[in-house]
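Asks: build me a structure from this.
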Amino acid sequence: MKETAGETGKNGPASKKRLLTRLFDYVLLYKLRITVAMLVLLAATGAQLAGPYISKIIIDQHISGIQKPWYEAQPSEPPQGAAETDIRTVSFKERQYVREDWLRGPAPDAWKPAAISQIGLDFYLVHDRVPAEAAWNLSADGQVVITANGGTKTYPAEKLEITDVVAFYKHDLKPVLELTGLFVIMLLLSGGLTFLQSYMLQTTALQIIQKMRMDVMNHIQRMPIRYFDSTPIGQIVSRIANDTEAIKELFMSFMATFVVSGVTLLGILVALFLLDVRLAFVALAMLPIFAVVMMIHLKYSKVYVTNMRARLADMNAKLNEAINVMPIIQAFRREDAAAKEFDGLNQDRYINQKKQIRVFALSTRNIVMLVGGLATAAVVWYFGGQSLHASVSFGVLYAFIDYLGRFTQPIIGIFDQMMNAQRAFVSAERVFNLLDEPVDREAEASASVKAARPEGRVTFDNVTFAYKEGQPVLRGISFEAKQGETVALVGHTGSGKSSIMNLLLGFYEPGEGAIRIDGRDIREFSKQELRKWMGIVLQDPFLFAGDIKFNVSLYNPSIDLEKVKKALRDVGADSFVEQLPNGYDEPVVERGSTLSAGQRQLISFARALAFDPAILILDEATASIDSETEGLIQRALAVLSEGRTTFVIAHRLSTIREADRILVLHRGEIVERGTHDELMQLGGRYYKMYQLQTGETGATGATGTAGTAGVAEANKRR
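Replies: From the prediction side, this is the model:
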């Protein structure tokens, strides 16, 4: 069964909105943790984005602070024009200098303005008020030439020595050290908070996926058997394992990246508006370009991702089928054909993945880096040249370039996670489609109520059933099995034997008629209540990976080790179990392939006995047993069926001679019924089937006598 992209669900806006709503519903289950993580994220983003702003303050207010306006005051004239007398001053050649931003009020009229600027590697002082946008140059004779407002003026040059420069910076040293320390603290705080929010978001994502996997697992266990009849096992496994893993990447990687990137982008825009509105609009102008690129990427990439996920499910289904029937493939030399079929699916997935990677490579990181680089170059070219005339300060320009570099990083992060996000959304569609599959109708009575053990009286009342509408496999089936009776169902393949048992177990519901246990319609039972007192032994008994005692008790708390040993002893399996190296703790590999068919069957008998069912179903339980083992199996069957209403489906008619009633089915109808002796005397279909199997050609007297003796012996035991 090849899954197509269309099977993952409709892709309309309503479907996408519903998909996002259902994913968000899982997020709301952990809203407290996510809210705390978001608050931590905001704090981490604030601490991270504080770095460039702190750098801007260091540059503009302290490193470039020497180039701000100064005032000269003689020692005999203390700076009394300030609001306070403890104002900071700098001594230079027996003169006192005060920087304008140190004042808390207007400077006294007696103070002389001064200015300092760097020319090359040296600093020069002039005694005049110089506009901030002025250009400083050094003439050939050592004079300072200042150009401002279209005019040029020459000043005597007072060159500052290194010790003088240090003196002019002495009041900036402490603030710079404090701000640098704050910068380091913010880096450490950002790192710690980022770790905390990442840990909280990712562990929450793991919990969400854990919950989703359990929801899917619990759901498929309540789905009708019809679904599994028509759906390859590999596709179901792919949805539970691979698709939920892809959704995990959505919550762990994309969600975290998207949230972190969104908060970071918002914080950067706020910081840019605080720096300079013009520079902020440069960053805003980049967002529509990225949005258009992202829409193009999503449009073309979604098709390829959907096909990739569908082919992966097909490959899992093909692998599961090939592994299960590997002996058949090898026996009929179909290895090449099977490999060719798998290669076709693999090649289709490879082609779609290559196309998706091509779209990703062309439309993501390259575009973002190109646009970001062009924007940075334009800003440096325009505003950098203007900064020489004080259009923006050097600190603002530095902070902007830093923020612009950080601005493209979250965009790149979102684009890098886009492939995972698309895979996750496609996988989410598939998982939710599985969760939307209808489940078996539960009975109105609560399954939590402990149901009393039934007597085991089973009645089929004119039951008609069809797997496909209009093609009934059972027609008007009516019979009654009393408590403790053994009823055998015989007939050729396809006559409806297993269908009757599937209806009794509640795997399907009859189209017409009713099935009752102790007079109560089984549709009034919950599935758990119905099957609690039923035991089943299949032709090919399934043993789970674990050990012997687990395969008997199946972790039922009411079945302890002593009950396990008793069940194995009662069916005659204790002798070989105790000879195993680890006894009851002997590991069992999947399907019990290290044990013989007879040993596996005896363990399955012990399992059924340990659960003490009121109704026992034996579906071809002795069909694959050799003649030497059959005697042991027959004794185990006698123990297992004692006191229970037992249904036996058998092709070996010799194993049901002691049955209380034999129902002969043909094309979905009961054509004969009675004991072995009665059916043999009737000389009908059962008689012919028995003769074909035993090779008897004579009269039925001897056979009838043997059958009568067998029934008498069985009745005597009961």
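Asks: low-confidence stretches in the stretch 251-400 of the chain?
Replies: 253-256, 362-365, 382-395 (pLDDT under 70).
Asks: which residues in it form helices?
Replies: In the stretch 251-400 of the chain, the helices defined using DSSP state H, counting those that start in this stretch lie at 256-275, 277-324, 326-331, 335-363, 365-387, 394-416.
Asks: what's the first one in contact with?
Replies: Just to be clear, that refers to helix 256-275. 38, 41-42, 45-46, 48-49, 52-53, 56, 197-198, 201-202, 205, 279-280, 283-284, 396, 399-400, 403, 406-407, 409-411, 413-414, 416-417 (CB atoms under 8 Å, 6 or more residues apart in numbering). Where C-beta positions appear, they are placed from N, C-alpha and C, glycine not excepted.
Asks: any buried residues in it, and which?
Replies: Residues 256-261, 263-265, 267-269, 271-272, 275 are the ones in helix 256-275 that count as buried (16 or more other CB atoms under 10 Å).
Asks: what angle sits between that helix and helix 277-324?
Replies: 180 degrees (axes from the mean of the first three to the mean of the last three CA atoms, to 10 degrees).
Asks: so how far is helix 256-275 off the chain centroid?
Replies: Chain-centre distance of helix 256-275: 28 Å, with CA atoms, centre = their mean, to the nearest Å.
Asks: again, but for the fourth one
Replies: Using CA atoms, centre = their mean, the mean C-alpha position of helix 335-363 is found 23 Å from that of the whole chain.
Asks: picking up where we left off before, quick one, which of the helices of the stretch 251-400 of the chain is nearest to T464?
Replies: T464 lies closest to helix 277-324 among the helices of the stretch 251-400 of the chain, at 33.0 Å (CB to CB).
Asks: just the pLDDT for T4.
Replies: The model reports T4 with a pLDDT of 50.
Asks: what of G405?
Replies: Here, the pLDDT recorded for G405 equals 74.
Asks: what is the burial count for it?
Replies: A total of 12 residues lie near G405 under the criterion other CB atoms under 10 Å.
Asks: surely it and T376 touch.
Replies: Yes - using CB atoms under 8 Å as the test, G405 is close enough to T376 to be in contact (7.5 Å).
Asks: count of neighbours near E335?
Replies: For E335, using other CB under 10 Å, the count is 12.
Asks: swap in I411?
Replies: By other CB under 10 Å, 24 other residues sit near I411.
Asks: report the contact partners of it.
Replies: So I411 contacts S261, L265, F290, V368, G372 (CB under 8 Å, 6+ apart).
Asks: how many other residues sit next to the last one?
Replies: I take that to be G372. By other CB under 10 Å, 20 other residues sit near G372.
Asks: show me what contacts it?
Replies: G372 touches M286, L404, G405, F407, T408, I411, counting by CB under 8 Å, 6+ apart.
Asks: how close does it sit to A361?
Replies: 17 Å (CB to CB, to the nearest Å).
Asks: check E72 too.
Replies: Distance from E72 to A361, by CB to CB: 63 Å.
Asks: who has more neighbours, those two?
Replies: Per other CB under 10 Å, whichever of E72 and A361 has more neighbours is E72, with 17 against 10.
Asks: was I right about the more buried one contacting R95?
Replies: Yes - E72 lies in contact with R95 (CB under 8 Å); the separation is 5.5 Å.
Asks: ok so, going back, from the contacts of G372, pick the one nearest R333.
Replies: Distances from R333 to the contacts of G372, taken by CB to CB, are shortest for I411, at 55.8 Å.
Asks: now that closest one: how far from M286?
Replies: For I411 relative to M286 (CB to CB), the value is 8 Å.
Asks: then T408?
Replies: The gap separating T408 from M286 is 8 Å, by CB to CB.
Asks: overlap in contacts, those two.
Replies: V371, G372.
Asks: residues contacting the closest residue to L554 other than its chain neighbours?
Replies: Nearest non-adjacent residue to L554, counting by CB to CB, 6 or more residues apart in numbering: R607, 7.0 Å away. By CB under 8 Å, 6+ apart, the residues touching R607 are G535, N551, V552, S553, L554, A567.
Asks: by neighbours, which of those residues wins?
Replies: V552 (28 neighbours).
Asks: need the helices for the stretch 1-150 of the chain, in chain order.
Replies: Counting by DSSP H, counting those that start in this stretch, the helices of the stretch 1-150 of the chain are 13-28, 31-57.
Asks: among the ones you listed, which comes closest to I328?
Replies: Nearest to I328, of the helices of the stretch 1-150 of the chain and by CB to CB, is helix 13-28 at 40.5 Å.
Asks: want to throw the contacts of I411 into TSV with distance to L561?
Replies: Shown next, in TSV, are the contacts of I411 (distance: CB to CB, whole Å):
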residue	distance to L561
S261	56
L265	62
F290	65
V368	64
G372	68
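Asks: for those, which one is nearest P131?
Replies: Of these, the one sitting nearest to P131 (CB to CB) turns out to be G372, at 34.7 Å.
Asks: now the closest one: how far from L287?
Replies: 12 Å.
Asks: cool, and F544?
Replies: Counting by CB to CB - F544 and L287 are separated by 56 Å.
Asks: what about the longest helix in this structure?
Replies: helix 162-220 (DSSP state H).
Asks: what is it packed up against?
Replies: helix 13-28, helix 31-57, strand 90-92, strand 122-126, helix 244-249, helix 256-275, helix 418-435 (3 or more CB pairs under 8 Å, 6 or more residues apart in numbering; DSSP states H and E).
Asks: now that helix and helix 256-275, what's the angle there?
Replies: Using the same axes, to 10 degrees: helix 162-220 against helix 256-275 is 150 degrees.
Asks: what's downstream of helix 162-220, the next helix or strand?
Replies: helix 225-230 (DSSP states H and E).
Asks: who's in contact with that next one?
Replies: Identification of contacts with helix 225-230 by CB under 8 Å, 6+ apart yields M1, I236, E437, Y467, N502, F507, Y508.
Asks: cross those against strands and list the overlap.
Replies: Y467 (DSSP state E).
Asks: pull out the buried members of the contacts of helix 225-230.
Replies: Listed as buried from the contacts of helix 225-230 are I236, N502, F507, Y508; burial here means 16+ other CB under 10 Å.
Asks: and the closest residue in space to the second one that isn't next to it in sequence, what's its pLDDT?
Replies: Nearest-residue entry for N502: Y508, 5.4 Å, with adjacent residues in sequence omitted and distances by CB to CB, 6+ apart. Here, the pLDDT recorded for Y508 equals 86.
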